[in-house]
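Asks: Take this sequence and fold it.
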Amino acid sequence: MTNTRPLLFSVLALALASAGAQAPVKALSAISAPEILAHITTLASDDFEGRAPGSPGEAKTVAYIEQQFKKLGLKPGNPNGSWIQAVPMRGLTPTPTFSYQVGGKTVALNFPEDYVAHSTSQPTSVNVANSEIVFVGYGVQAPEYGWDDYKGVDVRGKTILMLINDPAVPDPKDPSKLDPSMFKGNAMTYYGRWTYKYEIAARLGAAAAIIIHETKPAAYPWDVVRSGGNAEQFSLLRDGADPDAPTVPGWIQLAKARELMAAAGYDFDTLKAQALTRDFRPVSLKATADFKVDNTARTVNSNNVVAMIPGSDPKLKHEYLIYSAHWDHLGIDERLPGERSKQIYHGALDNASGIAALLEIAKAYKALPKAPKRSILFVATTAEERGLLGAKYYASHPLYPLKQTVANINIDGINAWGKTAQIENVTSGHSSIDGLLEKYAKTQGRLMEKDSRPELGSFYRADQLEFARVGVPVLYTKARSRYLDKPDSYAHEVVDSYVAHDYHQVTDNVRSNWDFSGAVQDIQLLFQVGLDIAQGTTPEWSAGSEFKAAGDQRLK
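Replies: Alright, predicted model coming up:
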């Protein structure tokens, strides 16, 4: 089956849809596929060394983005007159060891082939010794679902072993599907994210929290975990312990977790099945763990890059729409074989492409004969790959009051494979921005659809999450389904191939067969939605969103 839906992208439709916008067609035509490619090619080149925070690659990246903002005629975004917001962090390069004792035997695991572990605690060297290993199922406390994997069991000082993603509860009406009333069915909730699992472990006093990696529920292969865990780790600079992680957070290969459980007299599949019920209780594996993590630590003075288009309305110019995209990637791993280029994590789609889109949107706004009523802030964030740290820092240290920040539109990766008949709204159901996205998608002859891959938990894996957590309505889109003039299988082929072979790998390079025609449409769409907001529409949280309470608090 082939999708051949024509695109009704007419000048008249655009003009009608852009009520209040000045010369939108000229602004939309400013968005250029060749310039998108040019930005990506530069930022993903060997010269930028993988754009790791705190590296020479960061200095080049920040300078390039600042130069492009200046070239477009934007203003410095920091109220102090600069183009940057300093984000103080600690860089920690871990050398961990991990062994466990069970049945009178000691088993030592190999880093990073069998496991990864690190520590963001203040000492440069930490030890967890003779720590009881307890399997806690999915490690979830979700009162709204009547779910508690801990059941009051004291895990202080213990090593907890847990499954990735949400509890995959079967639908009692059709066991081949997931129960839509539990953890949003096949959609990942925040409970399924590794960040939540570490946060709850820290809150309950666990000494170590180790997640069992499984490719399908994690949505990425072990190589992604290995490359991330083998790299320098980052945390925001603070005094004392990290409130969002136990002393030692980490991951373990599925096969090694099976071996550990078998040595303790348990079967992994049996325990996993038990973990899918509300009655599950933590299981002591009658084993103990020893961790030692020696960190090579440094202070990292990283930066968000910020630029602004001041609003034109005397009152509304004191309200702000934020477009964001992260500039960082994973840097260089000189332990990898081959020439230097094969050791660099180029991050072409993730997320040089997002920065390219951010710059193109800024160019479109500058093509308007008059600035929108509200001010537009463009934020290129640091350390997204290290835990959304740049966005988290901005959310806790906003340059402009959050009460006056009306929305965030985030871009993390763009469509490199052609036009699509629809735009996927990853943040669907959370705010009234949905209506704006649907409205302007129609002007392109496209549909707005929900996330086609909710099991990936994309909402919780990109910078918009940090804005949502402080109550700012957000938009995050993807175009990864229903490619025009392609078979239905094409979307899964190109997206799955990228995730399996290139995502967080040194092979995320510029490709000669990319087609940015669809990306241009998507960027134009984000411009249109943002322009509507910048001209005075105020997004509101939906009643059913888990972020509405934070939104109500923000406006007090």
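Asks: Trp251 is in contact with Glu214, isn't it?
Replies: No. Applying CB atoms under 8 Å, one finds Trp251 not in contact with Glu214, separated by 10.5 Å. Glycine gets a C-beta too; all of them are placed from N, C-alpha and C.
Asks: Compare neighbour counts for the two and give me the winner.
Replies: Taking neighbours as other CB atoms under 10 Å, Trp251 and Glu214 compare with Trp251 leading, 23 against 16.
Asks: For that one, give the beta-bridge partners.
Replies: Trp251 forms beta bridges with Val116, Ile211, as assigned by DSSP bridges.
Asks: separation between it and Gly91?
Replies: 20 Å (CB to CB, to the nearest Å).
Asks: got it, and Gln343?
Replies: From Gln343 over to Gly91 (counting by CB to CB), the distance is 19 Å.
Asks: neighbour count winner among the two?
Replies: Using other CB under 10 Å, the more surrounded residue of Gln343 and Gly91 is Gly91, with 21 against 18.
Asks: Doesn't the more buried one lie inside a strand?
Replies: Yes. Counting by DSSP: H, G, I helix; E, B strand; the rest coil, one finds Gly91 located in a strand.
Asks: who's in contact with it?
Replies: When contacts are counted by CB atoms under 8 Å, 6 or more residues apart in numbering, Gly91 touches 53-54, 232-234, 297-300.
Asks: how about 7 Å then?
Replies: 54, 232, 234, 297-298, 300 (CB atoms under 7 Å, 6 or more residues apart in numbering).
Asks: do Leu525 as well
Replies: 423, 440-441, 444.
Asks: tell me which element it falls in.
Replies: Element membership for Leu525 (DSSP states H and E) is helix 517-534.
Asks: Downstream of that helix, the next helix or strand is which one?
Replies: Next element after helix 517-534 (DSSP H and E): helix 548-554.
Asks: buried residues in that following helix?
Replies: Residues of helix 548-554 classed as buried: 548, 550-551, 554 (neighbour count, 16 or more other CB atoms under 10 Å).
Asks: Check stretch 254-263 too.
Replies: Under 16+ other CB under 10 Å, the buried positions of stretch 254-263 are 256-261, 263.
Asks: Same check on stretch 137-144?
Replies: 137-140, 142.
Asks: now stretch 478-490
Replies: 478-484, 486, 490.
Asks: With stretch 337-350 instead?
Replies: 343-350.
Asks: quick one on the thing from earlier: which among the contacts of Leu525 count as buried?
Replies: 423, 440-441, 444.
Asks: For the spatially most distant residue from the centre of the chain, which phi and psi angles does the backbone take?
Replies: Distance from the C-alpha centroid of the chain, by CA atoms, centre = their mean, peaks at Gly104 (42.2 Å). Dihedral angles of Gly104 (phi, psi; degrees, to the nearest 10) stand at phi 80, psi 0.
Asks: Same list as before, the buried ones among the contacts of Leu525 that is, but in CSV and with distance to Val153 and secondary structure included.
Replies: Formatted as CSV, the buried ones among the contacts of Leu525 follow (distance: CB to CB, whole Å; DSSP: H, G, I helix; E, B strand; the rest coil):
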residue, distance to Val153, secondary structure
Ile423, 45, strand
Tyr440, 51, helix
Ala441, 48, helix
Gln444, 53, coil
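Asks: hang on, the earlier thing: list the residues that contact the residue farthest from the centre of the chain.
Replies: Neighbours of Gly104 in contact, by CB under 7 Å, 6+ apart: none.
Asks: can you tell me how far it sits from Lys71?
Replies: Gly104 is 68 Å from Lys71, by CB to CB.
Asks: Repeat that for Asp244.
Replies: Taken as CB to CB, the span from Asp244 to Lys71 is 38 Å.
Asks: Three-state assignment for Lys60, please.
Replies: Applying three-state DSSP: Lys60 is helix.
Asks: how many other residues sit next to it?
Replies: Neighbours of Lys60 using other CB under 10 Å come to 17.
Asks: do Val510 as well
Replies: Counted with other CB under 10 Å, Val510 comes out at 18.
Asks: Could you list the low-pLDDT ranges of the stretch 201-350 of the chain?
Replies: Within the stretch 201-350 of the chain, no stretch falls below the threshold (pLDDT under 70).
Asks: any idea how far the nearest residue to Ala462 once chain neighbours are set aside lies from Ala500?
Replies: Of all residues not flanking Ala462 in the chain, Asp412 sits nearest, at 4.3 Å (CB to CB, 6 or more residues apart in numbering). Per CB to CB, Asp412 is found 19 Å from Ala500.
Asks: Give me the more crowded residue out of these two.
Replies: Neighbours per residue (other CB under 10 Å) separate Asp412 from Ala500, with Asp412 holding more: 24 against 14.
Asks: Quick check: the more buried one is in a strand.
Replies: No. Read with three-state DSSP, Asp412 is coil and lies in no strand.
Asks: which helices and strands sit right next to the biggest strand by length in the chain?
Replies: Looking across the chain with DSSP state E, the single longest strand is strand 283-309. Here strand 283-309 touches helix 56-72, strand 75-76, strand 84-102, strand 125-135, helix 254-263, strand 375-381, going by 3 or more CB pairs under 7 Å, 6 or more residues apart in numbering; DSSP states H and E.
Asks: Columns distance to Gly205 on top of these, output as a markdown table?
Replies: Converted to a markdown table, the helices and strands packed on strand 283-309 look like this (distance: least, CB to CB, whole Å):
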| stretch | distance to Gly205 |
| --- | --- |
| helix 56-72 | 35 |
| strand 75-76 | 44 |
| strand 84-102 | 20 |
| strand 125-135 | 12 |
| helix 254-263 | 22 |
| strand 375-381 | 31 |
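Asks: Deepest-packed of those, please.
Replies: Of the helices and strands packed on strand 283-309, the one with the most neighbours on average (mean count of other CB atoms under 10 Å) is strand 375-381, at a mean of 27.
Asks: Please work out the average pLDDT along that one.
Replies: In this model, strand 375-381 carries a mean pLDDT of 98.
Asks: now swap in stretch 150-164 and tell me
Replies: pLDDT averaged over stretch 150-164 gives 98.
Asks: Determine how far stretch 218-236 lies from the middle of the whole chain.
Replies: 13 Å (CA atoms, centre = their mean, to the nearest Å).
Asks: What lies in contact with that stretch?
Replies: Under CB under 7 Å, 6+ apart, the answer for stretch 218-236 is 53, 89-94, 112, 116, 118, 120, 164-165, 213, 215, 242, 251, 253, 300, 330-331, 333, 383, 386, 389, 392-393, 455-456, 499-500, 503-505.
Asks: Please point out which parts of that stretch sit buried.
Replies: 218-222, 224-236.
Asks: Brilliant, that's me finished.
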